[in-house]
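Undergrad: Here you go, sequence then predicted model.
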Amino acid sequence: MNQHASKILLSPRVTEKGAYMSERGAYVFNVSTFANKTQIAAAVKEIYKVSPRKVTLAAVPRKRTVTRGRTGAQRAGSTAGGKKAYVFLKAGDTIDLA
């Protein structure tokens, strides 16, 4: 299944850990649940014009949540979950996420 790069890389995952890793040449992205490592590497190359050295994947599990509305009633739900990719670049290569 051949998808457009913007459908594979959904967004950069901006977290404290991600900022720490980006200083060392690794970037974290939210990716499509159907994307594989080869498709993710090709999407990074197409969008950011850098070739990844390595790509690793991790599943983001759904989490159950309970919210309280204005009336005090509780409502159960869950977070979205999904998949994230760690993209490792060659020394000297960088991605500008700003």
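TA: Perfect, I can see it now.

Undergrad: Compute the number of surrounding residues for residue 19.
TA: 11 (other C-beta atoms under 10 Å). The C-beta positions use only the backbone N, C-alpha and C, and glycine is treated the same way.

Undergrad: Wait, a helix at it?
TA: Yes. Assignment of residue 19 by DSSP: H, G, I helix; E, B strand; the rest coil places it within a helix.

Undergrad: roughly how far apart are it and residue 65?
TA: 25 Å (C-beta to C-beta, to the nearest Å).

Undergrad: Over to residue 31?
TA: To residue 65, residue 31 is 23 Å away according to C-beta to C-beta.

Undergrad: do residue 28 as well
TA: According to C-beta to C-beta, residue 28 and residue 65 sit 23 Å apart.

Undergrad: More neighbours: which of those two?
TA: For residue 28 and residue 65, the more surrounded residue by other C-beta under 10 Å is residue 28, and the numbers stand at 20 against 10.

Undergrad: For residue 67, report the pLDDT, please.
TA: As summarised for this prediction, residue 67 has a pLDDT of 87.

Undergrad: Ok, residue 29 next?
TA: At residue 29, the model reports a pLDDT of 95.

Undergrad: swap in residue 57?
TA: Note for residue 57: predicted pLDDT of 97.

Undergrad: do the same with residue 4
TA: Model confidence at residue 4, given as pLDDT, is 85.

Undergrad: Same question for residue 74.
TA: Residue 74 is given a pLDDT of 89.

Undergrad: most residues in a single helix of the protein, which one?
TA: In terms of residue count, the longest helix belonging to the chain (DSSP state H) is helix 37-48.

Undergrad: following that one, which helix or strand comes up?
TA: On the C-terminal side of helix 37-48, the closest following helix or strand by DSSP states H and E is strand 52-60.
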